[in-house]
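Peer 1: have a look; sequence and predicted model below, questions after that.
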Amino acid sequence: MGVSSSAKRGDARQGAHPSSHLPYEVLGVLFIALSLLTLLSLLSFSPDDAKLFSSTTSPSAPATFTHNMIGTAGATLASGLFRSIGGAAYLVPFLLAMLAGRCFMEGTLRVTLRSAGGSLASILFLSAFLHLEVTGVPTFSSGLVFRGEAGGTAGTVLAEALRSYFASTGAHILILTGLLVSLLLATPASLASLFAKVPVWWDVVATFFEAVGDALARQVERLGRHKARKPRTKPIKINRTVTPPG
């Protein structure tokens, strides 16, 4: 009796185990959808698109074509992210995708203070680096936008503050160091494991480029043989007889 009851309890726990992951899988799907919406709204941003809560648009104004793939909501989201953190906004979809991966793989949504602080710091340091190095925010549909504001408001404030105390060279060193440390805090991977995988990655990349080089060499060789076999046509001389006028 005791054995059968314990077996039933074990079966009940195993039956309830998949359903306990269902809320986290739903969250993972929502994070993936939000990541895609954010990424597409950033890539297809156009400064000419109408924004929500904009004072320049009125209900009586004629409807204009929206270039943003996510519509007016996507244009508003992209504009707010670009103005606040500049090109570092492209890091937001990847952070959301990382949260979705944790929901699916670990079966739980564990957002610790370390990972949250590292993610926020990585966005800030990346925006500061972009302010120092890039002239504008790249987009797929409109090219460079927000020229002179590649780091947004946050990146401009942080980069100029560091540059005023440590000059340009010191600001670059501090910003790159902060970006690397924040990424290590935001992701579970360690720097030692990443360096240990570099030789494997290098072998894969070297093999790929070697195969591409061999294919290109064979293609060039085939083209050379085709040109060599192509017969040369001699120009045909046409002799015209001119009769003198009678």
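Peer 2: Arrived safely, thanks for sending. Numbering: from 1, shown residues only.
Peer 1: return the list of helices and strands in contact with the one helix or strand L91 maps to.
Peer 2: Element membership of L91 [criterion: DSSP states H and E] is helix 91-105. Using 3 or more Cβ pairs under 8 Å, 6 or more residues apart in numbering; DSSP states H and E as the contact definition, the elements that helix 91-105 packs against are helix 2-43, helix 113-133. Quick note: C-beta positions are derived from backbone N, CA and C, even for glycine.
Peer 1: can you count the residues close to the spatially closest residue to S35 that is not a sequence neighbour?
Peer 2: The shortest distance from S35 to any non-neighbouring residue, by Cβ to Cβ, 6 or more residues apart in numbering, is to L96 (3.9 Å). For L96, the neighbour count with other Cβ atoms under 10 Å is 20.
Peer 1: same deal with T207?
Peer 2: T207, neighbours per other Cβ under 10 Å, totals 10.
Peer 1: that one is in what secondary structure piece?
Peer 2: Assigned by DSSP H and E, T207 falls in helix 191-229.
Peer 1: same question for S84.
Peer 2: Following DSSP H and E, one finds S84 within helix 71-85.
Peer 1: who touches that helix?
Peer 2: 37-38, 40-42, 44-46, 49-53, 66-68, 70, 89, 92, 123-124, 127, 137, 145-146, 149, 151-155 (Cβ atoms under 8 Å, 6 or more residues apart in numbering).
Peer 1: one step back: check the gap between the residue nearest to S35 and L37 for me.
Peer 2: 9 Å (Cβ to Cβ, to the nearest Å).
Peer 1: least confident of the helices and strands packed on helix 91-105, on average?
Peer 2: Note on those: helix 2-43 shows the lowest mean pLDDT, a mean of 71.
Peer 1: in the protein, what spans have low per-residue confidence?
Peer 2: 1-20, 54-65, 106-111, 188-198, 200-202, 204-205, 208, 212-213, 215-246 (pLDDT under 70).
Peer 1: list the buried ones in stretch 170-188?
Peer 2: Neighbour-count burial for stretch 170-188, counted by 16 or more other Cβ atoms under 10 Å, picks out A171, H172, L174, I175, G178, L179, S182, L183, L185, A186.
Peer 1: G86 reaches T139, doesn't it?
Peer 2: No: counting by Cβ atoms under 8 Å, G86 stays clear of T139, with 12.0 Å between them.
Peer 1: which one of these two has more residues nearby?
Peer 2: G86 (28 against 21).
Peer 1: picking that back up, and for the helix holding L91, what are the contacting residues?
Peer 2: 24-25, 27-29, 31-32, 34-36, 38-39, 42, 81, 108-111, 119, 122-123, 126, 186-187.
Peer 1: which among those count as buried?
Peer 2: By 16+ other Cβ under 10 Å, the contacts of helix 91-105 give 24, 27-28, 31-32, 34-35, 38-39, 42, 81, 119, 122-123, 126, 186 as buried.
Peer 1: on that earlier part again, how about the helix holding L91 as PDB, C-alpha atoms only?
Peer 2: Output of helix 91-105 as PDB, limited to C-alpha atoms (Å, rounded to 0.1, in the frame of the first residue of the first chain):
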ATOM      1  CA  LEU A  91      21.200  45.900 -27.800                       C
ATOM      2  CA  VAL A  92      17.700  45.900 -26.300                       C
ATOM      3  CA  PRO A  93      16.200  43.200 -28.700                       C
ATOM      4  CA  PHE A  94      19.200  40.900 -27.900                       C
ATOM      5  CA  LEU A  95      18.700  41.300 -24.200                       C
ATOM      6  CA  LEU A  96      15.000  40.400 -24.600                       C
ATOM      7  CA  ALA A  97      16.000  37.400 -26.600                       C
ATOM      8  CA  MET A  98      18.400  36.300 -23.900                       C
ATOM      9  CA  LEU A  99      15.500  36.500 -21.400                       C
ATOM     10  CA  ALA A 100      13.400  34.400 -23.700                       C
ATOM     11  CA  GLY A 101      16.200  31.800 -23.900                       C
ATOM     12  CA  ARG A 102      16.400  31.600 -20.100                       C
ATOM     13  CA  CYS A 103      12.600  31.000 -19.900                       C
ATOM     14  CA  PHE A 104      12.900  28.100 -22.400                       C
ATOM     15  CA  MET A 105      16.100  26.500 -21.400                       C
END
